[in-house]
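*Asks:* Here's my sequence, what's the structure:
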Amino acid sequence: MSEEEGGSTLPRRQLGRHLREAREALGMTLIESAKLMEWGKSSLQRLEKGQTEKIRTHDIRLLCEQYQLGAERTSDLIALAEQTAVKSWWHDYGALITPAFDVYMGLESSTRGLTQFQPSAVPGLLQTADYSRALDVLYFPNDSPEGIDRRVEIRTRRQGLLTRRNKPAIYTAVLHESVLRTVIGSRKVMAAQLRHLADLSAHPNVDIRVLPFRAGLPVGLSTGPFLILDFDVDKKGKPRRTQCGLRREFHWRNLLGAVDRSGQVP
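*Replies:* Predicted coordinates for the structure are as follows:
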């Protein structure tokens, strides 16, 4: 990610989706709407796709008037537009955060709950620094020690999602027994990692379960690692929507591009 891309990806995409839905609800085409704004079609298209870097609240207000949106809806969209200028902490790590992982980070940071299955490694949110470092040395043998440290730092900062005082996320992890028995780094690293898992499981918002070898193969279609994110409801009790849906499953292979380049194991 370039230094210019300081705004948050998630609000940009949410804003674009809401504007597109409002336009389509009126039966307006991109060309018709852009003409009223005295824009080119591509400018409005980029805005609706969340690809516009600098968003002016004045333009959003005009679009809301054009789409006949009420005062409350307009206020919500203007608030989203203001959020696009806010730089999230992970943007400080530059190219280590790929566009795909940037989207995921925006979702992860706003989730109220996560459910995860991991059959091969301890999930990133549960890793000790030494365990993370041992994995990253394997994934990125050409990285400098400083580069590895930055990758570990990202993962450590992500873990604040579970330990923060104000509304920590509710996390359920199902780990295959092989995760606990596969030695990553050294026996000392693994011993510390297992103690860390035991300590975290004492938190009321963290539930760590183990799928034992004796359970055998799963019945039905086999599945790899997956992660489900859940989001809060709004003031009316309706689930809040994100650009990826109300409840989104991230399958491991959908994030391979992000993992290969950023080294972050969701």
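
*Asks:* Gln14: helix or strand, and which one exactly?
*Replies:* Gln14 belongs to helix 9-25 when assigned by DSSP states H and E.

*Asks:* Let me know the average pLDDT across the helix or strand just after that helix.
*Replies:* In the C-terminal direction, the helix or strand that comes right after helix 9-25 (DSSP H and E) is helix 30-36. When pLDDT is averaged over helix 30-36, the result is 94.

*Asks:* Tell me the helix or strand right after helix 30-36.
*Replies:* Scanning forward in sequence from helix 30-36 by DSSP H and E, the next helix or strand is helix 41-48.

*Asks:* how about the strands of the stretch 51-200 of the chain, start to end?
*Replies:* 113-118, 170-176 (DSSP state E, counting those that start in this stretch).

*Asks:* To Leu229, which of those strands lies closest?
*Replies:* Across the strands of the stretch 51-200 of the chain, Leu229 has its closest neighbour in strand 113-118 (5.8 Å, CB to CB). The way it works is simple: take the backbone N, C-alpha and C, and place the C-beta from them, glycine included.

*Asks:* same for that closest one, what does it pack against?
*Replies:* Here strand 113-118 touches strand 170-176, strand 226-230, going by 3 or more CB pairs under 8 Å, 6 or more residues apart in numbering; DSSP states H and E.

*Asks:* Quick check: Ile148 vs Val137, distance?
*Replies:* 6 Å (CB to CB, to the nearest Å).

*Asks:* Between those two, which is the more surrounded one?
*Replies:* For Ile148 versus Val137, neighbours defined as other CB atoms under 10 Å are more numerous around Ile148 (20 against 14).

*Asks:* With distance to Ile97, mean pLDDT and mean neighbour count as extra columns, can I get the strands of the stretch 51-200 of the chain in TSV?
*Replies:* Supplementary listing: the strands of the stretch 51-200 of the chain in TSV, determined by distance: least, CB to CB, whole Å; pLDDT from 0 to 100; neighbours: other CB atoms under 10 Å:
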stretch	distance to Ile97	mean pLDDT	mean neighbour count
strand 113-118	19	93	19
strand 170-176	22	96	19
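
*Asks:* closest to Glu72 out of those strands?
*Replies:* Using CB to CB, the strands of the stretch 51-200 of the chain put strand 113-118 closest to Glu72, at 27.0 Å.

*Asks:* picking that back up, output the helix holding Gln14 as CSV, restricted to C-alpha atoms.
*Replies:* Extracted C-alpha coordinates of helix 9-25, given in CSV (Å, rounded to 0.1, in the frame of the first residue of the first chain):
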residue,chain,number,x,y,z
THR,A,9,-10.7,0.9,3.1
LEU,A,10,-13.7,-0.4,5.0
PRO,A,11,-15.6,3.0,5.2
ARG,A,12,-14.8,3.8,1.6
ARG,A,13,-16.3,0.5,0.4
GLN,A,14,-19.3,0.8,2.7
LEU,A,15,-20.0,4.4,1.5
GLY,A,16,-19.7,3.3,-2.1
ARG,A,17,-22.1,0.4,-1.6
HIS,A,18,-24.7,2.6,0.1
LEU,A,19,-24.5,5.2,-2.7
ARG,A,20,-24.8,2.6,-5.4
GLU,A,21,-27.9,1.1,-3.7
ALA,A,22,-29.5,4.5,-3.3
ARG,A,23,-28.9,5.3,-7.0
GLU,A,24,-30.2,2.0,-8.2
ALA,A,25,-33.3,2.4,-6.0
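
*Asks:* And for it, what's in contact with it?
*Replies:* Under the contact criterion CB atoms under 8 Å, 6 or more residues apart in numbering, helix 9-25 has outside partners 30, 33, 47-52, 55, 60, 63-64, 67, 69, 73, 77, 80-81, 83-84, 86, 99, 102-103, 106-107, 109-110, 241-243.

*Asks:* Distance check, the spatially most central residue of the chain against Ile97.
*Replies:* Closest to where the C-alpha atoms of the chain average out (CA atoms, centre = their mean) is Tyr104, at 2.4 Å. For Tyr104, the distance to Ile97 (CB to CB) stands at 10 Å.
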